[in-house]
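give me the fold of what follows.
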Amino acid sequence: MAEQGVESGDDEGDADAPGGGAGDHSVRTVALAVTGGVFLGGVATGVAFPTLPLLDEVLGISAVMLGVILAANRIARLVMNTPAGQVIDERGARRPMIAGLFVQGLAPFGYVVGLHTPAVDLAALPVVGTVSAPGLVFVLARAFWGIGSAFVFVGAFAIITGVTTEETRGTWTGYMRGGQSLGFPAGLVVGGVLTDVFDVQTAFLTAGTLALVAGVVALVVLPDVRSSAGQRVPLRELPALARSTPGVVPIGVANGTIRLLFGGILLTTAVKYAARLELRVGVLSAAGVSGLVMGGGVVVASISTVVSGRLSDRVERRALVTLPAFALLAAGFAALALVPSVHGVVAGVALVGAGTGGSGPALLATLGDVSPAGETGKFGGLYNVFGDIGLSLGPLVAFPAVTTVGYGATYLVCAGLAVACLLLVNATLLSTETDSDSVADGEPVGNTPPEPEALDPDTHDD
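Numbers count the residues shown, from 1 in each chain. Prediction:
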């Protein structure tokens, strides 16, 4: 079993504290440090998002090219997730995570460059259509963001998993994920308002500034969790690594479905759906209204993330928490399809948010439970691979789907996918033993926290 801990100076831990070998105060401090480091990154992501789906109008590009731009960061992160996990397992999470935050911070400035790039056609590709110079700049900038976010997401998971036990992992994962996603709705509101009141460039510049601030905050407050690295696993062997550990593939499929539906389809179609319904609130048009509604949905997701995380520590099987979550997800898309009005959109997005947030902590905490010590980064990378497959496919199919069959039919298919995931994926998870009751007393399962003297968030790896 690999030892994991935060580089320490003096001890704040309490061996008798509830939840394991490290004191609850120390774990709380570490979790807050991780959450603070990624919060502003979430704000920066949200600021840029309401404006990106409108790029086809700004740049004069095809719907398919717009989908490629929106998916570029997810595709880049898909490629980088597992290498990021390997680096974090070997070198600790702090430095890779901070580097990722700064890389993210440079991407929105690339968006500004794209806005001022001469509209020169570079090529005409099948399906995609004309590829212009501004479109290519946006694709590259989005890919740059995706590379940085791979290290941020996997690093946060590795730190929280490394300092918690099975008895507390759901709670602290919920807080971390809730705080991580809470920055996004704030950014959605700010981005939508900035676009309506000022312009797209102002929103992008604000996003870049906030993302760079996130890197500075992490540099100051983020502790380091180190674990002895497991045997280096070549990328070609990672599928076998996933299949060899019960529960990993079902967890990944569930995560991929959630990301496909929420981040891949709903977020990328919300602005145009609001415009199609001619929704307005005061002086706000489609971008502003969708930013407010989606911001509210992600706030609901953040709250349900915290609640479901705590609940998952109290039920016999964490997967039980995902059953009502997937039901809410399906109900939300059904409301969007069947009630095409302000009330239907608000209620539908809120239900989708509740389902998305309610399922995440249980899935991620279960993954932490089953991850062998020293392999947390790799398993976190695999988890994100599944999620990014869903996120990458979403924009690529969303715009052609709503153009071909309409928003109502598209959202009903999404509801059906949520129901299918509830019936199939969760049935598999519930039949897979992952908790400590399935092993003999005293036999270690998955990750265990460090000894108290190894945990102190006040000293960082310089």
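
shaky segments in the stretch 251-400 of the chain?
Scanning the stretch 251-400 of the chain for pLDDT under 70 picks out 279-287, 373-374.

now the helices for it?
All helices of the stretch 251-400 of the chain, identified by DSSP state H, counting those that start in this stretch, fall at 267-276, 286-312, 322-338, 342-370, 376-404.

okay, and Phe109 sits in which element?
Per DSSP states H and E: Phe109 is located in helix 94-115.

tell me what angle that helix forms with helix 376-404.
Inter-element angle recorded for helix 94-115 and helix 376-404: 20 degrees (by axes from the mean of the first three to the mean of the last three Cα atoms, to 10 degrees).

now helix 94-115: buried residues?
By neighbour count with 16 or more other Cβ atoms under 10 Å, helix 94-115 contains the buried residues 94-112, 114-115. For every residue, glycine as well, the C-beta is placed using N, CA and C.

I'd like the next helix or strand past it.
Next in sequence after helix 94-115, counting helices and strands by DSSP H and E, comes strand 121-125.

quick check: which helices or strands does that following strand pack against?
strand 129-132, helix 133-163 (3 or more Cβ pairs under 8 Å, 6 or more residues apart in numbering; DSSP states H and E).

rerun that using 6 Å as the cut-off
Applying 3 or more Cβ pairs under 6 Å, 6 or more residues apart in numbering; DSSP states H and E, one finds that strand 121-125 contacts strand 129-132.

burial measure for the spatially closest residue to Val38 that is not a sequence neighbour, as a count.
Counting by Cβ to Cβ, 6 or more residues apart in numbering, Gln180 is the residue found nearest to Val38 once chain neighbours are left out, at 4.7 Å. Look at Gln180: counted by other Cβ atoms under 10 Å, it has 22 neighbours.

for Gln180, pull up the helix or strand it's in.
Here Gln180 is assigned to helix 169-197, by DSSP H and E.

which other helices and strands does that helix contact?
Contact analysis of helix 169-197 by 3+ Cβ pairs under 6 Å, 6+ apart lists helix 24-48, helix 133-163, helix 200-221, helix 286-312, helix 342-370 as its packing neighbours.

now the last one: buried residues?
Residues 344-370 are the ones in helix 342-370 that count as buried (16+ other Cβ under 10 Å).

ok, the shortest one next?
Neighbour counts using 16+ other Cβ under 10 Å place 200, 202-215, 217-218 of helix 200-221 among the buried residues.

next one: the longest one
Judged by neighbour count using 16+ other Cβ under 10 Å, the buried positions of helix 133-163 are 134-163.

I'd like to know which elements that helix is packed against.
For helix 133-163, the packing partners by 3+ Cβ pairs under 6 Å, 6+ apart come out as helix 24-48, helix 63-91, helix 94-115, helix 169-197, helix 376-404.

and the angle for that helix with helix 200-221?
Going by the same axes, to 10 degrees, helix 133-163 makes 30 degrees with helix 200-221.

report the angle between the axes of helix 133-163 and helix 63-91?
Put simply, helix 133-163 runs at 30 degrees to helix 63-91, going by the same axes, to 10 degrees.

ok, now the fourth one?
Our comparison of helix 286-312 with helix 63-91, counting by the same axes, to 10 degrees, yields an angle of 40 degrees.

got the angle for helix 286-312 vs helix 322-338?
Relative orientation of helix 286-312 versus helix 322-338 (the same axes, to 10 degrees): 160 degrees.

just how off-centre is helix 286-312 within its chain?
With Cα atoms, centre = their mean, to the nearest Å as the basis, helix 286-312 stands 13 Å off its chain's centre.

for the third one, same thing?
The gap between where helix 200-221 is centred and where its chain is centred comes out at 18 Å by Cα atoms, centre = their mean.

what residues does that helix touch?
33, 36-37, 40-41, 43-44, 47-48, 51, 98, 101-102, 104-105, 108-109, 111-112, 115, 191, 194-195 (Cβ atoms under 6 Å, 6 or more residues apart in numbering).

now that helix - C-alpha only, CSV.
C-alpha atoms of helix 200-221 as CSV (Å, rounded to 0.1, in the frame of the first residue of the first chain):
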residue,chain,number,x,y,z
VAL,A,200,-17.7,39.1,-26.9
GLN,A,201,-14.1,40.3,-26.6
THR,A,202,-14.8,41.8,-23.1
ALA,A,203,-16.1,38.4,-22.0
PHE,A,204,-13.1,36.6,-23.3
LEU,A,205,-10.6,39.0,-21.7
THR,A,206,-12.4,38.7,-18.4
ALA,A,207,-12.2,34.9,-18.6
GLY,A,208,-8.5,34.9,-19.3
THR,A,209,-7.8,37.2,-16.4
LEU,A,210,-9.8,35.1,-14.0
ALA,A,211,-8.1,31.9,-15.1
LEU,A,212,-4.7,33.4,-14.5
VAL,A,213,-5.8,34.5,-11.1
ALA,A,214,-6.8,30.9,-10.4
GLY,A,215,-3.2,29.8,-11.1
VAL,A,216,-1.9,32.4,-8.7
VAL,A,217,-4.3,31.4,-5.9
ALA,A,218,-3.3,27.7,-6.4
LEU,A,219,0.3,28.6,-6.2
VAL,A,220,-0.2,30.2,-2.8
VAL,A,221,-2.6,27.9,-1.1
